[in-house]
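**Q** here is my input; please provide its structure:
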Amino acid sequence: MTRKKRENIIKKYIIDQSTLKRVCFSYIMFSIVIIANALPPVIRVGAIFTEDERESSIESAFKYAIYRINKEKTLLPNTQLVYDIEYVPRDDSFRTTKKVCRQLEAGVQAIFGPTDTLLAGHVQSICEAYDIPHIEVRIDLEYNSKEFSINLYPSHTLLTLAYRDIMVYLNWTKVAIIYEEDYGLFNLMHSSTETKAEMYIRQASPESYRQVLRAIRQKEIYKIIVDTSPSHIKTFFRSILQLQMNDHRYHYMFTTFDLETYDLEDFRYNSVNITAFRLVDVDSKRYLEVIDQMQKLQHNRLENVNGIPYIQTESALMFDSVYAFAYGLHFLSLDNRPNFSIKNLSCTSDRTWDDGISLYNQINAAITDGLTGNVNFVEGRRNKFKLDILKLKQEKIQKVGYWQPDGGVNISDPTAFYDSNIANITLVVMTREVR
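**A** Residues are numbered from 1 along each chain as shown. Modelled structure (predicted):
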């Protein structure tokens, strides 16, 4: 009786599985038919890169993401994405505006970039005026959300919270902040009341690093947050060594997400504390699969970290941004909109793109798993993400925990912040007995 009952259960399970497979297959075929009817065969996307980003890792990531989407045929089975790239000098808003207008006339349905803060503001205003989604991967310190703007870089408000939380966890009461640009993360000063930490804030450049560090040493401040340009970090390292501010008393927290890509050989054996966050989810299945495919390309622009290929954060964000756009198109097609239109716009006209708001809303609502973890948005801002907490040990930079907006600091190796790695010293105590 029991055996017969077991056979009936197995038989029912097989039937349910077969039915489920038929339903899933029908749904996929139905989705493909809808997509085929809803989207045009070719969709153009624009990208603005600065001259110094020509043939860079971020441009390679952009091109590779489009290549993968076109090859996979999963999200857009009957639509090809075609990119339209323009290069502009940094701080040249006039030339940037002209090139964006040319792209609108060519019929692009979204514009990616640029990473330059000044130029990005001009591009965003044009996209907002003509209802074109503007997709960015840069830090934006403005609190108010922007129409038609999608930014994959974590919200600076939440990043400030992350640094505040780690300062509280480490019980930092006296902190120096060295920042380089006005649009950096130096606005941590606003959280000094909540952390109850005494803040010493200085703006610096490569020419003044030693002067600023010397002043910090004179004030006997040993906890230092460094928000400097990634291209100047090597110079900053050199200044630390020259001033001998590299013993166990000092703790440096760098705001770059790519600290692993720098040579830290000079700091590994002198007990100095170096900490940073990492946004790229190097342990995820998605990351490992994409990197495995990318490294087979001749010009992949990947970094090498301890013999392992690594994609820089800015490039990973660009890759994820292209997929966010593709997911937006995919879900837009599932809305069964019969009249998805492609328009060639002009900066000399006030005519806007009718379907721009619908596409923007779908990108904003999409939830995807990318190289930088879970990607979703609230009003175009990324509000859920995970930051790995990295700490320099004698062997290499290692993950010692993580931070999330809703959970705060989670440390998996508490000893990492309290083990000074000072060499063992044997003290021999000699006594003399007086008679």
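
**Q** listing request: residues of the stretch 201-350 of the chain with sub-threshold pLDDT.
**A** Regions of the stretch 201-350 of the chain meeting the criterion pLDDT under 70 cover residues 336-339.

**Q** which residues in it form strands?
**A** In the stretch 201-350 of the chain, the strands defined using DSSP state E, counting those that start in this stretch lie at 223-227, 251-254, 273-278, 303-305, 308-310.

**Q** domain map for this protein?
**A** Using automatic domain parsing, the domain ranges for the chain come out as 27-154+285-382, 157-284+387-417.

**Q** would you list the ones you listed in CSV and tack on mean neighbour count?
**A** Where C-beta positions appear, they are placed from N, C-alpha and C, glycine not excepted. Below are the domains of the chain laid out as CSV (neighbours: other Cβ atoms under 10 Å):
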stretch, mean neighbour count
domain 27-154+285-382, 18
domain 157-284+387-417, 17
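
**Q** now do the helices in the stretch 201-350 of the chain.
**A** All helices of the stretch 201-350 of the chain, identified by DSSP state H, counting those that start in this stretch, fall at 209-218, 233-242, 285-294, 313-334.

**Q** mind checking which of those is nearest residue 116?
**A** helix 313-334 (12.1 Å; Cβ to Cβ).

**Q** what's the following helix or strand past that closest one in contact with?
**A** Using DSSP states H and E, the helix or strand that directly follows helix 313-334 along the chain is helix 356-365. Here helix 356-365 makes contact (Cβ atoms under 8 Å, 6 or more residues apart in numbering) with 109-110, 130-133, 135, 148, 150, 324-325, 327-329, 331-332, 335, 337, 377-380.

**Q** wait, residue 249 touches residue 222, no?
**A** Yes. The pair residue 249 and residue 222 passes the contact test of Cβ atoms under 8 Å, sitting 4.7 Å apart.

**Q** who's residue 252 bridged to?
**A** Here residue 252 sits in beta bridges with residue 224, residue 274, going by DSSP bridges.

**Q** can you list the strands of the stretch 201-350 of the chain in a markdown table and add distance to residue 79?
**A** Below are the strands of the stretch 201-350 of the chain laid out as a markdown table (distance: least, Cβ to Cβ, whole Å):
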| stretch | distance to residue 79 |
| --- | --- |
| strand 223-227 | 41 |
| strand 251-254 | 42 |
| strand 273-278 | 34 |
| strand 303-305 | 33 |
| strand 308-310 | 30 |
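
**Q** and residue 175, what element?
**A** Using DSSP H and E, residue 175 falls in strand 174-179.

**Q** what's the closest non-adjacent residue to residue 277?
**A** Using Cβ to Cβ, 6 or more residues apart in numbering and skipping residues adjacent in sequence, the residue nearest residue 277 is residue 387, 4.2 Å away.

**Q** give me the pLDDT value at that neighbour.
**A** Looking at residue 387, its pLDDT stands at 97.

**Q** cool, residue 180 as well?
**A** 88.

**Q** pretty sure it contacts residue 232?
**A** Yes. Between residue 180 and residue 232 there is a contact under Cβ under 8 Å: 6.9 Å.

**Q** anything in contact with each of those two?
**A** Joint contacts of residue 180 and residue 232 (Cβ under 8 Å, 6+ apart) are residue 205.

**Q** close enough to count as contact, residue 375 and residue 382?
**A** Yes. Between residue 375 and residue 382 there is a contact under Cβ under 8 Å: 6.9 Å.

**Q** overlap in contacts of those two?
**A** Contacts common to residue 375 and residue 382, judged by Cβ under 8 Å, 6+ apart, are residue 152.

**Q** follow-up on the earlier one: among the strands of the stretch 201-350 of the chain, which comes closest to residue 38?
**A** That would be strand 308-310 among the strands of the stretch 201-350 of the chain, by Cβ to Cβ, at 37.5 Å.

**Q** list the strands paired with that closest one, with their directions.
**A** Sheet pairing for strand 308-310, using DSSP bridges, gives strand 303-305 (antiparallel).

**Q** and residue 81, what is it in contact with?
**A** Counting by Cβ under 8 Å, 6+ apart, residue 81 touches 43-45, 66, 69-70, 326.

**Q** quick one: which of those is nearest to residue 164?
**A** For the contacts of residue 81, the nearest to residue 164 is residue 326 (35.3 Å; Cβ to Cβ).

**Q** what's the spacing between the closest one and residue 132?
**A** 16 Å (Cβ to Cβ, to the nearest Å).

**Q** re the thing from before, next step: the contacts of residue 81 restricted to helices.
**A** Among the contacts of residue 81, the members falling in helices are 66, 69-70, 326 (criterion: DSSP state H).

**Q** now, which of these sits nearest residue 348?
**A** Using Cβ to Cβ, those come closest to residue 348 at residue 66, 29.3 Å.

**Q** how much space between the closest one and residue 408?
**A** 37 Å.

**Q** hmm, back to that, out of the strands of the stretch 201-350 of the chain, which is closest to residue 39?
**A** Evaluated over the strands of the stretch 201-350 of the chain, closeness to residue 39 peaks at strand 308-310, with 33.9 Å, by Cβ to Cβ.
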